[in-house]
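> Need the 3D shape of this:
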Amino acid sequence: MDFELQWLLLAFPVVFILGWMASRLDLRQLKREDRASPQAYFKGLNLLLNEQQDKAIDAFIEAVQHDPDTSDLHFALGNLFRRRGEYERAIRVHQHLLARADLRQEEREKAQHALAHDFMKAGLFDRAEEAFKALEGTAFTTDARLALLNLHERSRNWHPAIEVAHRLEASGTGSFSHRIAHHWCEIAQEAEARGRSDEADQALTRAREAAPQAARPLVIMGQRLMRHNDAAAALKIWDELMALQPQSFSLIPMDYAKAAQASGAEDAALKKLDALYAQVPSIDILNAWNHLQPDASLRRQRLISHITAQPCLSAAQGLIQERLKTDLPLDKAEIEKLQGAMATAAKPLQRYRCAACGFESQHYFWQCPGCQGWDTYPPRRLEDQ
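A predicted model of the protein is given here:
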């Protein structure tokens, strides 16, 4: 009995020392791992700041291996893969995060949001749509809806786009009325292309209801009426466009002039175009006015006035056409105006452009002031290329 007690007394300190040594070894290993993880992480950040993305990815992978349970490292690595265009690897990283049972709800939503953008960038629109819809009711709801709106527009799914836009408006994100009007206009044009005139009419009506001040529905409505040989109705629609959106009227002034001719309303159209030109001095509006103006001297006078105020090639071309039509020679003052317009229009082309960075200059440089490259300027001006 005394012999066994003696051995126990001798074994106790030995066991204590062995246990203490084992714990010290574990602590040292943990400290080394803790030091290795942040060192690899900060090394990755430093490489990323120095635009060495390949080496940064290797550093982040090393950091993840040292600390596989840290979600921040996974997010950093996944986002870096996405930025580099390695979408499949980004998807795998974020899917791995979502598969973890111990992930907090906030981080799970963040991972779902990142995964949805991975699918979007990869062109996997069906999976991206599902991923964004899964974010409904989370902190990423608004961002997911905006992404869904862009996704539907890219896919030309106009009805779902309208639905999402209405939800965004209802949540107080902002006004999407003009965007919704464009969606209805797209629906109208698709219906018109399929020969479904009634559907096109209904879609344009909805577009006007969505944004009464929008220009596009009025433009399309007038063009449809012209195709159906109802010039008088088209003029009425375009008169409304002229009043609501005078700047946008510059898209259809020649159509307006032709509608006036078809309906016998040239005099009224001339007066309206004249008043509009005073408000919006556009060469397109002037060309429409000239199209209806029977007096050649007034047409030339108006072209000279426009060239004086706004030297441009279109006005110069119009003046030359008037010269050919009437066979009346240009006087010295008109030729000077014409020369000034051509010089102004040609000036942007009388430049040299760096082939490396696109820096333009009127002077030739052996070393580009923009990118500092040597012999990057072709020895020919833009107008000669």
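> quick one: average pLDDT of the helix or strand that contains residue 307?
Assigned by DSSP states H and E, residue 307 belongs to helix 296-309. Taken as a whole, helix 296-309 has an average pLDDT of 83.
> Please identify the buried residues of that helix?
For helix 296-309, a neighbour-count test (16 or more other C-beta atoms under 10 Å) marks 299-300, 302-304, 306-307 as buried. (C-beta placed from N, C-alpha, C; glycine too.)
> Check stretch 141-148 too.
Within stretch 141-148, the residues scored as buried using 16+ other C-beta under 10 Å are 141, 144-148.
> do the same with stretch 198-205
200, 203-204.
> Nearest spatial neighbour of residue 256, chain-adjacent residues omitted?
residue 238 (5.1 Å; C-beta to C-beta, 6 or more residues apart in numbering).
> Can you give me every residue that contacts that neighbour?
Counting by C-beta atoms under 8 Å, 6 or more residues apart in numbering, residue 238 touches 218, 222, 249, 252, 255-256, 259.
> tell me which of these is nearest to residue 347?
Checking the contacts of residue 238 against residue 347 by C-beta to C-beta gives residue 249 as the nearest, at 29.4 Å.
> how many other residues sit next to the closest one?
Neighbourhood size, residue 249 [other C-beta atoms under 10 Å]: 27.
> Now it: closest residue in space that isn't a chain neighbour?
In space, residue 249 is closest to residue 242, 4.9 Å off (C-beta to C-beta, 6+ apart).
> Quick check, residue 191 in contact with residue 203.
Yes: contact criterion C-beta atoms under 8 Å: residue 191 and residue 203 qualify, at 6.1 Å.
> By mean pLDDT, flag the weakest helix or strand of the protein.
Ranked by mean pLDDT, DSSP states H and E, the weakest helix or strand in the chain is helix 2-49, scoring a mean of 49.
> how near is the most centrally placed residue in the chain to residue 166?
Closest residue to the average C-alpha location of the chain: residue 150 at 9.6 Å, with C-alpha atoms, centre = their mean. With distances taken as C-beta to C-beta, to the nearest Å, residue 150 is found 16 Å from residue 166.
> Sketch out the low-pLDDT regions of the stretch 51-200 of the chain for me.
Across the stretch 51-200 of the chain, the ranges flagged by pLDDT under 70 are 51-74.
> same thing but at 90, please
51-111, 114-115, 123, 154 (pLDDT under 90).
> Would you map out the domains in this structure?
If you go by automatic domain parsing, the domain ranges for the chain are 215-292, 295-347, 350-385.
> Rounded mean pLDDT for the first one, please.
In this model, domain 215-292 carries a mean pLDDT of 93.
> For the stretch 151-300 of the chain, which segments count as helices?
Applying DSSP state H, counting those that start in this stretch to the stretch 151-300 of the chain gives helices spanning 158-170, 177-193, 197-210, 216-227, 231-244, 253-263, 266-279, 283-292, 296-309.
> Format the ones you listed as a markdown table; extra columns: distance to residue 341.
Listed next are these as a markdown table, based on distance: least, C-beta to C-beta, whole Å:
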| stretch | distance to residue 341 |
| --- | --- |
| helix 158-170 | 43 |
| helix 177-193 | 36 |
| helix 197-210 | 39 |
| helix 216-227 | 29 |
| helix 231-244 | 27 |
| helix 253-263 | 20 |
| helix 266-279 | 18 |
| helix 283-292 | 11 |
| helix 296-309 | 5 |
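> So which of these is nearest residue 101?
Taking C-beta to C-beta, helix 158-170 is the member of the helices of the stretch 151-300 of the chain nearest to residue 101, at 32.0 Å.
> For the closest one, buried residues please.
Result for helix 158-170 [16+ other C-beta under 10 Å]: buried residues 158, 160-165, 167-168.
> Turn the residues you listed into a markdown table, columns for distance to residue 137.
Supplementary listing: the buried residues of helix 158-170 in a markdown table, determined by distance: C-beta to C-beta, whole Å:
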| residue | distance to residue 137 |
| --- | --- |
| 158 | 25 |
| 160 | 18 |
| 161 | 21 |
| 162 | 21 |
| 163 | 17 |
| 164 | 15 |
| 165 | 19 |
| 167 | 12 |
| 168 | 15 |
